[in-house]
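**Student:** Build me a structure from this.
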Amino acid sequence: MKTAASEIISESPEQTARIGRSLGKLLEPGDVVALIGILGAGKTCLTRGVAQGIGADPETVTSPTFVLINEYEGGIPLYHFDVYRLSGADDMYALGSDEYFSGGGACLVEWADRVEECLPEEHLRVVITVSGASCRVIRLEARGERYCRLLEKLKHPGP
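**Tutor:** Have a look, this model is predicted:
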């Protein structure tokens, strides 16, 4: 399987949201983005940007910790999972993750490292590391041809 990686430094929550917005504009139905980072790293901030990028209202984006999945309507549906409270892969499968992953929208999975075995082999892994009060290192790891192309577009946006 083809892989690629890139790192972006974000110096503010606004910049993290802009990165998410750029990503959201590139997402297609069936895309899966695995978000990984400690509490407060900026996963939901990035998701707000992704939602805006697909044409959804970013103000409606909240961490779905208590409802597990939120859906946002834009150019395509965006399914936002927060699997922090799940006990493992069986709970993720019980949510119908396979149907969401192969459905008509894009999926963002917060705390994806907790259910790694449930993710499709090909996906975009986004690891957010806190490197200062508002500074973050965002590592994008493309797993599969589709995500390698997506990563190239993020690194070299067109006009």
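
**Student:** Strands along this protein, start to end?
**Tutor:** 3-10, 32-36, 69-72, 78-82, 106-110, 123-130, 136-143 (DSSP state E).

**Student:** How about exporting the third one as CSV, limited to the C-alpha atoms?
**Tutor:** The C-alpha atoms that make up strand 69-72 are tabulated as CSV, following Å, rounded to 0.1, in the frame of the first residue of the first chain:
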residue,chain,number,x,y,z
ILE,A,69,-21.8,10.4,16.3
ASN,A,70,-22.8,13.8,15.0
GLU,A,71,-23.8,14.4,11.4
TYR,A,72,-23.3,17.7,9.6
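
**Student:** ok, back up a step: point out the most buried one among the strands of the chain.
**Tutor:** strand 106-110 (a mean of 28; mean count of other Cβ atoms under 10 Å). Bear in mind the C-beta positions are built from the backbone N, C-alpha and C, glycine included.

**Student:** Hmm, residue 78 and residue 69 touching each other?
**Tutor:** No. In this structure residue 69 lies outside contact range of residue 78 using Cβ atoms under 8 Å: 10.6 Å.
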